[in-house]
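K.L.:
coords please:
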Amino acid sequence: MTKMRRSMVLLALLALCSPASLAEARCAPASLPQEVREASFVVEAVLERAGDPAQFRTVQVWKGGAQAPDRFTLGARRGRGTWPWHNASAQGDRYLLFLRPMANGFVVRRCGASGSATDARRGELRSQGLQPQGRAAAGAGGHQSDPVAVVEALFTAARSGDFAPLTELCDPAGEGDGDTRQICALGRDSRGASRFVEAFRNGRVTGPARPRGDRASVPILFGAAGDRPETIELVRRSGRWYLLSF
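P.N.:
Residues are numbered from 1 along each chain as shown. Here you go, the predicted structure:
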């Protein structure tokens with residue numbers, strides 16, 4: 001081996017043993033069952049504001065019950081990289097997060113199971129004996145105080161198969177259109193729910209609510225592939241938001 005070649009090999013070995021590389025090596029991957037055991041809360045949450053920190057809103061709780069946070073922030077740094085929620089393009093995306101309390105909030109394990117919420121990962125949680133509890137319709141300040149949270153309840157019901165909360169989402173004044181009334185009726189009789197599940201399970205809210213007094217519009221994507229744009233209209237009655245039309 002030539003002197004130059006020996007020098008190159010030595011430099012490569014030194015790079016592998018750098019503090020940053022050693023730090024990465026110490027990040028042992030944690031399996032989903034391990035995360036379930038060790039996390040204080042397991043939640044599905046929508047990214048409300050991207051950045052560092054990023055702000056999330058819980059829409060479904062898998063572990064932790066009523067003690068799970070409604071809203072929380074997470075740092076975006078991930079070792080020498082960043083989490084997806086650092087980017088504005090991820091706003092509105094839904095994540096499965098294994099939360100661990102810290103002095104000033106929560107963190108997720110850098111090499112753990114936190115990431116995008118998918119049906120496959122929900123299946124893994126069910127195999128661990130967990131069942132989801134909807135949190136979408138209850139916002140800070142009271143039940144159905146947030147129009148976006150009311151719309152999120154549609155996606156949560158479609159993914160979880162728990163249609164009972166839908167009965168509370170229709171306009172009590174009876175002004176809602178036929179589509180919204182059919183959706184709310186699933187809470188009492190789930191026959192025919194397959195069409196609703198197909199339409200909403202892959203959907204998501206794509207932007208903030210646009211309020212107009214006691215009316216508001218919320219943009220969504222829905223459909224079997226989650227790629228059909230639509231706008232859901234809501235009405236506020238006595239401080240609560242209800243579905244009106246879409």
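
K.L.:
what ranges of the chain fall below the confidence cut-off?
P.N.:
The chain contains residues with pLDDT under 70 at 1-26, 135-143.

K.L.:
domains of it?
P.N.:
32-127, 137-245 (automatic domain parsing).

K.L.:
could I get those as a markdown table with mean neighbour count?
P.N.:
For glycine as for every other residue, the C-beta is placed from the backbone atoms N, C-alpha and C. Output for those, formatted as a markdown table (neighbours: other CB atoms under 10 Å):
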| stretch | mean neighbour count |
| --- | --- |
| domain 32-127 | 17 |
| domain 137-245 | 17 |
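
K.L.:
Torsion angles phi and psi at residue 184?
P.N.:
For residue 184, the backbone dihedrals (degrees, to the nearest 10) come out as phi -60, psi -30.

K.L.:
Please tell me I have it right and it contacts residue 169.
P.N.:
Yes - under the criterion of CB atoms under 8 Å, residue 184 makes contact with residue 169 at 5.7 Å.

K.L.:
joint contacts of these two?
P.N.:
residue 243 (CB atoms under 8 Å, 6 or more residues apart in numbering).

K.L.:
and residue 201, what does it touch?
P.N.:
Under the criterion of CB under 8 Å, 6+ apart, the contact list for residue 201 reads 119, 155, 158, 159.

K.L.:
Now with 7 Å, please.
P.N.:
Residue 201 makes contact with 158, 159, according to CB atoms under 7 Å, 6 or more residues apart in numbering.

K.L.:
Name the nearest residue to residue 44, ignoring sequence neighbours.
P.N.:
residue 60 (4.0 Å; CB to CB, 6 or more residues apart in numbering).

K.L.:
Show me what the helix or strand where the one you found lies is packed against.
P.N.:
Applying DSSP states H and E as the criterion places residue 60 in strand 54-63. For strand 54-63, the packing partners by 3 or more CB pairs under 7 Å, 6 or more residues apart in numbering; DSSP states H and E come out as strand 41-49, strand 71-74, strand 133-134, helix 147-160.

K.L.:
could you dump these to a markdown table with distance to residue 201?
P.N.:
Converted to a markdown table, the helices and strands packed on strand 54-63 look like this (distance: least, CB to CB, whole Å):
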| stretch | distance to residue 201 |
| --- | --- |
| strand 41-49 | 13 |
| strand 71-74 | 24 |
| strand 133-134 | 14 |
| helix 147-160 | 4 |
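
K.L.:
how about the ones you listed, which one is nearest residue 96?
P.N.:
strand 41-49 (5.6 Å; CB to CB).

K.L.:
what packs against the closest one?
P.N.:
strand 54-63, strand 94-102.

K.L.:
what separates the longest one from the chain centre, distance-wise?
P.N.:
Which is strand 54-63. 6 Å (CA atoms, centre = their mean, to the nearest Å).
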